[in-house]
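# My questions concern the predicted model and sequence given below.
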Amino acid sequence: MLGNKSLIEVSKSDSTVFVSFGSISSAMASFLTKLCFLFCLFSSLAIVVVPQTHAQNSVPVAQVESAEPNASEEPIITAENYAFDDASQRRVFLDLTAVLRCPMCQNQNIADSDAMIAHDMRRKVYQLLKQGKSKDDVIAFMKERYGDFVYYQPPVTPVTIWLWVLPVIFAFVMMLVFILRRKPTVDDDIQDKIAAANKLLKDE
Amino acid sequence: MKRIIWFLLPLFLFLGLSVFLFQGLFSDPRDRESEVLAEAFPPFTLPDLMDESLSYDNSVFDGNVTLVNVWGVWCVTCAIELPYLETLKDQGYRIVGLYYDQDLDPDFGTKTLERVRSEVVTTLAKYGNPYAFNIFDVYRDTALDLGVTGAPEHFLVDSQGVIRVHHLGDINPRVWKNKFVPVLRELGALMPADEELSADVRK
């Protein structure tokens, strides 16, 4: 099935993003406080960066088959063999079914889900693309019916802005704590203290 | 004093986190705001389930408060609620079915219309028939416009064709009393049998 094939590509690309962030933070850490601090920084950066990069990453690298010429037929309700006008339309379809969320099986996108509503939404995405609708039009169409919930990229509103702002604030606070708590180096003091101790001993 | 604060800080952080996570245990991920509430019923022109020569459009809502029930014979919960819906019909409420067929059956292939009809007749004879008529949502486009995620779902449509209640899942006496009766009273469409019910709620 075309939809399932695309999902495997998508999930692969997602997992590589997270792995690379994890390895960067562990490689740069040398001792405990630094490790904690860097981990916080990088994980918060990952939270900030990943939602934006997700949309680009989710374009599957799948082989793009040439479009079939008999595309004028009405889509059949049961068949999931969608014929596209050109490769770019197919790419948009795969992209959209990867970023739209199934309202029934809530942790799956509509390319992955086998729920009836996911079948219907895939068919609707196809029909809308065939009508010449753009990617944003299709997302708006689905949001109108299923709310912001249906799209994996949350809109920035006064409520959701904290998703991006809180990790940054946290990173800055941790950086402040890290700087303020750093103790001055004690090497010079030790020399003074030894001298003072020696002096005391001599006086006695 | 300062030391005590440093000891208590993690405790309060932990308590705050616990309360936050504890609340999460009781939050329902399926509890979303409906996008069609207080909106007009999406325009449609669809045939009758039993007779394709009959056609319905939004004028079926004119002048009546209607309960639209999205259902299918393949849906177990829909069958379970049929007897209760029938008692609601007997009280005088108008219930219209929006038939939502599951023809995407990987094991048994596509059903014929004849088979769907015979199954509907059998199911309704067995569990009760609450429907004034059934609208056949052939391509499930109207269900998609309504934001339906599965069956059963219910829409209370007022006499102007505006959706007043969108309920996911079955209707039982508790749901009816808490979710539908207050709106029906507001619309002035409460049946005599339910007047007592709402009086009980107020006590």
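Ah, there it is. Keep in mind that this is a model prediction, so the values were computed, not measured.

# okay, which residue is most central for chain B?
Centroid-nearest residue in chain B: residue B:154, 2.0 Å away (criterion: C-alpha atoms, centre = their mean).

# Can you give me the distance of that one to residue A:81?
35 Å (C-beta to C-beta, to the nearest Å). Every residue, glycine included, has its C-beta placed from N, CA and C.

# ok, residue B:187 - contacts?
Residue B:187 sits next to B:65, B:158, B:159, B:164 when contact means C-beta atoms under 8 Å, 6 or more residues apart in numbering or on different chains.

# For the longest helix along chain B, output the C-alpha coordinates as CSV.
Criterion DSSP state H: the longest helix present in chain B is helix B:2-25. Taking Å, rounded to 0.1, in the frame of the first residue of the first chain, the C-alpha atoms of helix B:2-25 are listed here in CSV:
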residue,chain,number,x,y,z
LYS,B,2,17.5,29.4,54.2
ARG,B,3,18.4,25.8,54.5
ILE,B,4,14.8,24.8,55.2
ILE,B,5,13.7,26.6,52.1
TRP,B,6,16.2,24.7,50.0
PHE,B,7,14.9,21.5,51.5
LEU,B,8,11.3,22.3,50.9
LEU,B,9,11.8,23.6,47.4
PRO,B,10,12.1,20.1,45.8
LEU,B,11,9.2,18.9,47.9
PHE,B,12,6.9,21.6,46.5
LEU,B,13,8.2,21.0,42.9
PHE,B,14,7.5,17.4,43.3
LEU,B,15,4.0,18.1,44.7
GLY,B,16,3.2,20.5,41.9
LEU,B,17,4.3,17.9,39.3
SER,B,18,2.3,15.2,41.1
VAL,B,19,-0.9,17.3,41.0
PHE,B,20,-0.3,18.0,37.3
LEU,B,21,0.2,14.4,36.4
PHE,B,22,-2.6,13.2,38.6
GLN,B,23,-5.0,15.5,36.8
GLY,B,24,-3.8,13.9,33.5
LEU,B,25,-5.0,10.5,34.7
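
# distance of residue A:129 from residue A:152?
Taking C-beta to C-beta as the measure, residue A:129 falls 19 Å from residue A:152.

# These two: which is more packed in?
A direct count of neighbours by other C-beta atoms under 10 Å in any protein chain shown for residue A:129 and residue A:152 places residue A:129 higher, at 21 against 14.

# which parts of whichever strand or helix holds the more buried one are buried?
Secondary structure assignment for residue A:129, by DSSP states H and E: helix A:116-130. Across helix A:116-130, burial judged by 16 or more other C-beta atoms under 10 Å in any protein chain shown covers A:116-130.

# among those, which are in reach of chain B?
The subset of these within reach of chain B, by C-beta under 8 Å from any C-beta of the partner chain, is A:116, A:117, A:119, A:120, A:121, A:124.

# Identify the spatial nearest neighbour of the last one, chain neighbours not counted.
I take that to be residue A:124. residue B:144 (6.0 Å; C-beta to C-beta, 6 or more residues apart in numbering or on different chains).

# what helix or strand is that neighbour on?
According to DSSP H and E, residue B:144 maps onto helix B:141-145.

# Enumerate the residues of chain B near chain A.
B:29-30, B:32-33, B:35-36, B:102-104, B:110, B:139-141, B:143-150.

# follow-up on the earlier one: residues in contact with the helix holding residue A:129?
The contact list for helix A:116-130, computed with C-beta under 8 Å, 6+ apart, reads A:3, A:71, A:75, A:77, A:80, A:82, A:84-85, A:89, A:92-93, A:96-97, A:100, A:102-105, A:108, A:110-112, A:137-138, A:141-142, B:102, B:104, B:140-141, B:143-144, B:148-150.

# Sounds good, over and out.
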